[in-house]
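Trainee: Structure, please.
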Amino acid sequence: MDTIYIPDSWNFVKVASMVRQLQNCDKHPSYPINLLLDFSNVKSLRCHHIVPLIAYVKLQRHNGRTVEIQCINMNPEVASYASRIGFFRQLQIPYKENRIFRDSSGKFIEVKDVPKECAEQLGVELNTIFKHQLNDVFGPLRESFGYAVGEILDNVTRHSKTPIDGIIAAQNYKDKVECCLADCGIGIPDALRSRADYACLNVAECLQASLLKNVHSDTDGAGHGLYFASRIVSSAGEIAVYSHDRLLIKSGEDTRIIEAPFWNGTIIMFRVRKNSNLDYNEIFEKTGIPIDIEEEIKRAKIKALW
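Mentor: Here you go, the predicted structure:
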């Protein structure tokens, strides 16, 4: 079996290292994949590590590959939490849980598929978390941010051309909220380069463009999700976009683009600090994000990003 060392880090860059480990296990399209997930360094599961892992496994199984999985060195607390958020169930790993868990509404979202018919409901669940956990941070921006995340979900379910459902999870910590959404579709670069305006852009330039206003592919839809989300999140935390062989991380005015192993689709990750104080005027600029999102929808003809 091939060992995958699960990271225990807030650093979004660690996602790329895990994707590289998964690629090294994929030796031949006709061979089964045998994964030994090592949790020896894990004290707390991060959604930006488990969501891409689950998406990868589901894609391989969808493509007819046999994927066998074993977990080792997982302490009881991590195992119990993994069970609570649906980690074992999503990977089809037998696990017996004897505890009774409370309702997660407004606290976190367990690892879930994102089928088209459930995207709107998942958007509502995320907005409930924002309301309960981040209302003091977002204030009048909460509705706009909820809209932005809803548009990202819409891109995954309707426009990414992913052969499997997207995967989502959101976690609530004492000082922050994290969310990760992954799909195995065509990815942002291919979607943008389908339009003549962006046909000559490389992958890094496509990721940078995806965070700008009025940037979209030819696909019919809504859009503006990443622009709204990145403007708000980067002022209160950080957002990362991983597609094809580049990982973009934005925090405040700082944007880094890192070369990464190829991801067949798009991964969106973000975290928001609960003690943040947003400068609404700086975020809005003169033509920036509206508090009244309905007015923006009426004002602009918005299209899908990917």
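Trainee: Tell me the predicted confidence for Asp220.
Mentor: Asp220 is assigned a predicted lDDT (pLDDT) of 49.
Trainee: Show me where the stretch 151-300 of the chain has its helices.
Mentor: Using DSSP state H, counting those that start in this stretch, the helices of the stretch 151-300 of the chain run over 187-193, 203-210, 225-233, 280-284, 293-299.
Trainee: Worst mean pLDDT among these?
Mentor: Looking at the helices of the stretch 151-300 of the chain, the weakest mean confidence is helix 293-299, a mean of 47.
Trainee: Quickly note the distance from Lys27 to Val149.
Mentor: Going from Lys27 to Val149 by CB to CB, to the nearest Å gives 37 Å. Quick note: C-beta positions are derived from backbone N, CA and C, even for glycine.
Trainee: More neighbours: those two, which one.
Mentor: Val149 (25 against 11; other CB atoms under 10 Å).
Trainee: residues making contact with whatever helix or strand Ala119 lives in?
Mentor: Per DSSP states H and E, Ala119 falls inside helix 119-138. With CB atoms under 8 Å, 6 or more residues apart in numbering as the test, helix 119-138 has contacts from 105-109, 112, 114, 142-143, 145-146, 149-150, 153-154, 156-158, 168, 170, 172, 177, 179, 232, 236, 272-274, 276-278.
Trainee: Where strands are concerned, which of those residues count?
Mentor: Judged by DSSP state E, strands contain the following of those: 109, 112, 114, 168, 170, 172, 177, 179, 272-273.
Trainee: out of those, who has the most neighbours?
Mentor: Busiest of these [other CB under 10 Å] is Ile168, holding 29 neighbours.
Trainee: Quick one: find the helix or strand in the protein with the lowest mean pLDDT.
Mentor: Using mean pLDDT, DSSP states H and E, helix 293-299 stands out as the lowest-scoring helix or strand of the chain, at a mean of 47.
Trainee: Below-threshold pLDDT in the protein: ranges please.
Mentor: Along the chain, the model assigns pLDDT under 70 to residues 98-100, 159, 214, 216-224, 280-306.
Trainee: Contact partners for Val215?
Mentor: If you count contacts by CB under 8 Å, 6+ apart, Val215 has them with 192, 198, 209, 227, 305.
Trainee: Over to Gly106?
Mentor: By CB under 8 Å, 6+ apart, Gly106 lies in contact with 128-129, 131-133.
Trainee: Any of those residues buried? List them.
Mentor: Neighbour-count burial (16 or more other CB atoms under 10 Å) applied to these gives 128-129, 133.
Trainee: can you tell me which of these lies nearest to Ile54?
Mentor: Comparing those against Ile54 with CB to CB picks out Ile129 as the nearest, at 19.8 Å.
Trainee: For the stretch 1-150 of the chain, which segments count as strands?
Mentor: For the stretch 1-150 of the chain, the strands defined by DSSP state E, counting those that start in this stretch cover 2-5, 33-38, 67-72, 109-114.
Trainee: Is it possible to get JSON lines of the ones you listed that adds distance to Tyr56?
Mentor: Listed next are the strands of the stretch 1-150 of the chain as JSON lines, based on distance: least, CB to CB, whole Å:
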{"stretch": "strand 2-5", "distance to Tyr56": "10"}
{"stretch": "strand 33-38", "distance to Tyr56": "9"}
{"stretch": "strand 67-72", "distance to Tyr56": "9"}
{"stretch": "strand 109-114", "distance to Tyr56": "13"}
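Trainee: Need the winner for burial among these.
Mentor: strand 109-114 (a mean of 20; mean count of other CB atoms under 10 Å).
Trainee: Could you report the separation of Asp267 from Thr128?
Mentor: Careful, residue 267 is Ile; it's not Asp. From Ile267 to Thr128 the distance is 23 Å (CB to CB).
Trainee: wait, I meant Pro52
Mentor: With CB to CB as the criterion, Pro52 and Thr128 are 24 Å apart.
Trainee: Val177 now?
Mentor: From Val177 over to Thr128 (counting by CB to CB), the distance is 12 Å.
Trainee: these two touch, right, Val111 and Gly86?
Mentor: Yes. With contact defined as CB atoms under 8 Å, Val111 counts as touching Gly86 (4.4 Å).
Trainee: Does Pro7 touch Val19 like I think?
Mentor: No. With contact defined as CB under 8 Å, Pro7 does not count as touching Val19 (11.2 Å).
Trainee: more crowded one of the two?
Mentor: The neighbour count for Pro7 versus Val19, taken as other CB under 10 Å, is higher for Val19 (21 against 18).
Trainee: Pretty sure that one sits against Val51.
Mentor: No. With contact defined as CB under 8 Å, Val19 does not reach Val51; the gap is 11.8 Å.
Trainee: Pro7 versus Asn262, what's the distance?
Mentor: For residue 262 the amino acid is Phe, not Asn. Applying CB to CB, the value for Phe262 to Pro7 is 19 Å.
Trainee: Next up, the contacts around Ser276.
Mentor: 137, 235-237.
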